[in-house]
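In: The sequence isn't on hand, but the structure is:
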Ligand SMILES: Nc1ncnc2c1ncn2[C@@H]1O[C@H](COP(=O)(O)OP(=O)(O)OP(=O)(O)O)[C@@H](O)[C@H]1O
C-alpha cells in the first residue's frame, strides 16, 4: 500500500495537506477544482516535489527522500512524453532499457506490448505518423513494459474525444490488471471516474480527503464535489 503520512508541501501561497492510505492494486481517481493540488499530489508521489513534513511509504519502505528514478513508479502525462525522432518500438523499448540495446526476448516484449494496445504492424512509425489516440497507446505500452507496481496518470487522455477516452481508460485498466499495479489518475471528467475508479480522492484548496468508494462518495458527496459536478 501507499501511505502518505501527515504530509505538508508549501509552494508560495499554496499548501497541500495529505494524510491517507491507498490500498495495493486499487484504481484511484484524483478529482477536484482547478488549482486544488491534483498535479502537485502526483508530483509529490513521483518524487518531483519534496514535502516540508511527513513521510511517504510504499509497502512500508520509506520513499520520502528517494529520487524519481529510484521509485517503483511509471508515469503517463497528457503530452505522452514520446520522442519524435524515435519509432513506436524504440519509444516503448526505452521503458526497458534507455540504451535501447535490447535482447531478442526484450524486443519480443516490446512487440507484445504494442500488440496488446492494438498497434501491431505500427512498430516502425514515428509519433508524427500516428494519431493522438495511437500516440497514447504507445505511451501506455511503455508503461506496460516498465512493469512498475505504481502508475501515475495526469489527465492522460484529455486531448482525445469521448469515445477514444473510454477506450483508452479500458486499456489502462487492462494494464493495471496485467501488472497488478496500483493506479492513480487525475481527471476533470466524471465519466472517466465512472469508468475507471474503485476509489476517489477529492482535493479542494490543497486539502486532500482520504480515498473513498466512488459509489458511496456520489451518494454522500462532500460539499465542494456537489458544486463541482453541478448537483
Ligand atoms: N512552483 C509553484 N510555485 C508556487 N505555486 C505553485 C507552483 N506550482 C503550482 N503552484 C500552485 O499550486 C496550486 C496547485 O496546483 P496544481 O497544478 O497541483 O493544481 P491542479 O489541481 O492540478 O489544477 P488543474 O486542474 O488546473 O491542473 C495552484 O494554486 C498553483 O497555482
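Out: Yep, it's here. From a predicted model like this one, the values you see are computed outputs, not experimental measurements. Residues are numbered from 1 along each chain as shown.
In: contacts, neighbours, all on C-alpha from now
Out: Will do.
In: pLDDT value on the residue lying closest to residue 58 once chain neighbours are set aside, please?
Out: Leaving aside its sequence neighbours, residue 58 sits nearest to residue 2 (C-alpha to C-alpha, 6 or more residues apart in numbering; 4.7 Å). Predicted confidence (pLDDT) for residue 2: 97.
In: Against residue 207, how distant is residue 2?
Out: When C-alpha to C-alpha, to the nearest Å is applied, the distance between residue 2 and residue 207 equals 18 Å.
In: how does the protein divide up, domain by domain?
Out: Domain segmentation of the chain under automatic domain parsing yields 1-72+150-231, 82-147.
In: what residues does the protein put near the ligand?
Out: When proximity is defined as C-alpha under 6 Å from any ligand atom, the chain approaches the ligand at 11, 12, 14, 33, 34, 35, 36, 37, 38, 39, 40.
In: Which of those fall within strands?
Out: 11, 14 (DSSP state E).
In: Check the residues of the chain next to the ligand and tell me the two furthest apart.
Out: 12 and 33 (18.8 Å; C-alpha to C-alpha).
In: more neighbours, the two?
Out: Taking other C-alpha atoms under 10 Å, residue 12 and residue 33 do not tie; residue 33 has more neighbours (16 against 6).
In: surely the more buried one meets residue 228?
Out: Yes - using C-alpha atoms under 8 Å, residue 33 is in contact with residue 228, at 6.9 Å.
In: hey, what's in contact with both of those two?
Out: Shared contacts of residue 33 and residue 228 (C-alpha atoms under 8 Å, 6 or more residues apart in numbering): none.
In: Residue 66 - nearest residue in space that isn't next to it in sequence?
Out: Distances taken as C-alpha to C-alpha, 6+ apart put residue 47 closest to residue 66, at 6.8 Å, once the chain neighbours are dropped.
In: contacting residues for that neighbour?
Out: Residue 47 neighbours (C-alpha under 8 Å, 6+ apart): 64, 65, 66, 67, 68, 71.
In: let's go with 10 Å and repeat that
Out: 41, 56, 63, 64, 65, 66, 67, 68, 69, 70, 71, 73 (C-alpha atoms under 10 Å, 6 or more residues apart in numbering).
In: between those, which has the most around it?
Out: That'd be residue 56 among the contacts of residue 47, by other C-alpha under 10 Å, with 26 neighbours.
In: Within the sheet, what are the partner strands of the strand or helix carrying it, with directions?
Out: In the assignment (DSSP states H and E), residue 56 maps to strand 53-58. Counting by DSSP bridges, the strands paired with strand 53-58 are strand 2-11 (antiparallel), strand 61-62 (antiparallel).
In: Tell me where the model's unsure across the protein.
Out: The chain contains residues with pLDDT under 70 at 231.
In: how about a cut-off of 50?
Out: Within the chain, the set of residues satisfying pLDDT under 50 is empty.
In: hey, which helix is longest across it?
Out: Taking DSSP state H as the criterion, the chain has its longest helix at helix 162-179.
In: tell me how far that one is from the chain's mean position?
Out: 12 Å (C-alpha atoms, centre = their mean, to the nearest Å).
In: now for that helix, which elements pack on it?
Out: strand 27-31, helix 104-116, helix 132-146, strand 150-154, strand 182-186, helix 190-196 (3 or more C-alpha pairs under 10 Å, 6 or more residues apart in numbering; DSSP states H and E).
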